[in-house]
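S.K.: For reference, the sequence and a predicted model appear below.
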Amino acid sequence: MLNNFLASLPFMTETRADLVIGAFWPMVKAGFIVSVPLAVASFAIGMIIAVATALVRVMPEGGWLHRVALTATNFYISAIRGTPILVQVCIVFYGLPAVGIYIDPIPAAIIGFSVNIGAYASETIRAAILSVPKGQWEAGFSIGMTYMQTFRRIIMPQAFRVSVPPLSNEFIGLFKNTSLASVVTVTELFQTASQIANRSYDFLPIYIEAGLIYWCFCWVLFWVQAKLEKRLDRYVAK
């Protein structure tokens with residue numbers, strides 16, 4: 001029945017319908033097994049980088065060690081935001097072997113994505129931290145808290161609520177960018193679609209199907225984002 005329905009659509013034939021039906025599960029499986037874990041792992045590591053980078057940039061000016069760290073983080077953010085993510089991933093996988101560093105495809109993709117998301121998310125987190133009134137910092141210091149205690153107990157919960165929507169959007173963007181891992185031979189969703197299309201020499205229906213599957217994954221992520229924001233709104237209202 002599904003085959004007949006697909007075959008009745010414009011530009012579709014029975015052969016194309018069979019191809020689309022047969023390609024569906026391999027692409028969905030690759031999405032769940034490779035693309036989603038790749039995005040989650042990269043985002044988690046990227047958030048660690050982002051928080052550390054943001055803290056360096058919002059800390060009050062200190063000694064020479066802080067100035068060195070600040071210069072390094074500014075250079076890092078400028079370099080990453082000024083170059084394509086595809087170039088960054090290729091440098092990790094194809095470039096580092098030139099200096100004797102060999103990394104497997106999936107770890108190389110995670111490193112490239114993590115470094116990229118860390119730079120972009122650090123700006124989001126920095127803006128969220130700066131959005132918290134300075135009086136909150138002063139309140140923490142006045143009761144004897146250290147800088148990090150004040151940040152962890154007072155500033156971070158408030159900044160987290162502000163940063164959730166943009167960080168959620170960045171995660172969704174990262175999930176879509178996992179398709180770039182195909183250039184370093186990671187068999188994720190898009191690479192699976194390309195392999196199927198290359199075998200059949202019929203690219204249009206497979207790539208359209210891949211796009212629809214990405215859309216479905218992102219729709220679920222949009223739904224999770226909306227639920228998370230509503231839950232945080234209720235928590236803040238209390």
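M.R.: Arrived safely. Numbering: from 1, shown residues only.
S.K.: Report the distance from stretch 58-69 to the chain centre.
M.R.: Stretch 58-69 sits 29 Å away from the centroid of its parent chain (Cα atoms, centre = their mean, to the nearest Å).
S.K.: Pull that stretch out as CSV, backbone CA atoms only.
M.R.: Extracted C-alpha coordinates of stretch 58-69, given in CSV (Å, rounded to 0.1, in the frame of the first residue of the first chain):
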residue,chain,number,x,y,z
VAL,A,58,34.0,37.9,32.3
MET,A,59,36.5,37.7,35.2
PRO,A,60,37.8,41.0,36.6
GLU,A,61,41.2,41.8,35.2
GLY,A,62,43.9,40.0,37.2
GLY,A,63,47.6,39.3,36.9
TRP,A,64,49.7,38.3,33.9
LEU,A,65,48.3,34.7,34.0
HIS,A,66,44.7,36.0,33.4
ARG,A,67,45.9,38.4,30.7
VAL,A,68,47.6,35.4,28.9
ALA,A,69,44.4,33.3,29.3
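S.K.: residues of that stretch that come out buried?
M.R.: residue 69 (16 or more other Cβ atoms under 10 Å). C-beta: built from backbone N, CA, C; applies to glycine.
S.K.: Show me what that stretch is in contact with.
M.R.: 56, 126, 129, 130, 147 (Cβ atoms under 8 Å, 6 or more residues apart in numbering).
S.K.: try 10 Å this time
M.R.: For stretch 58-69, contacts defined as Cβ atoms under 10 Å, 6 or more residues apart in numbering pick out 52-53, 55-57, 70, 125-127, 129-130, 137, 147, 151, 155, 159.
S.K.: What's the biggest helix in the protein, counting residues?
M.R.: helix 203-237 (DSSP state H).
S.K.: Looking at neighbours, which among the contacts of stretch 58-69 is most surrounded?
M.R.: Among these, residue 125 has the most neighbours (other Cβ atoms under 10 Å), with 26 neighbours.
S.K.: returning to that earlier point: just the contacts of stretch 58-69 now: which is nearest residue 184?
M.R.: residue 53 (24.6 Å; Cβ to Cβ).
S.K.: what's the nearest residue to that closest one if we skip its chain neighbours?
M.R.: Take residue 53 and drop its neighbours on the chain: the residue closest to it by Cβ to Cβ, 6 or more residues apart in numbering is residue 122, 3.9 Å away.
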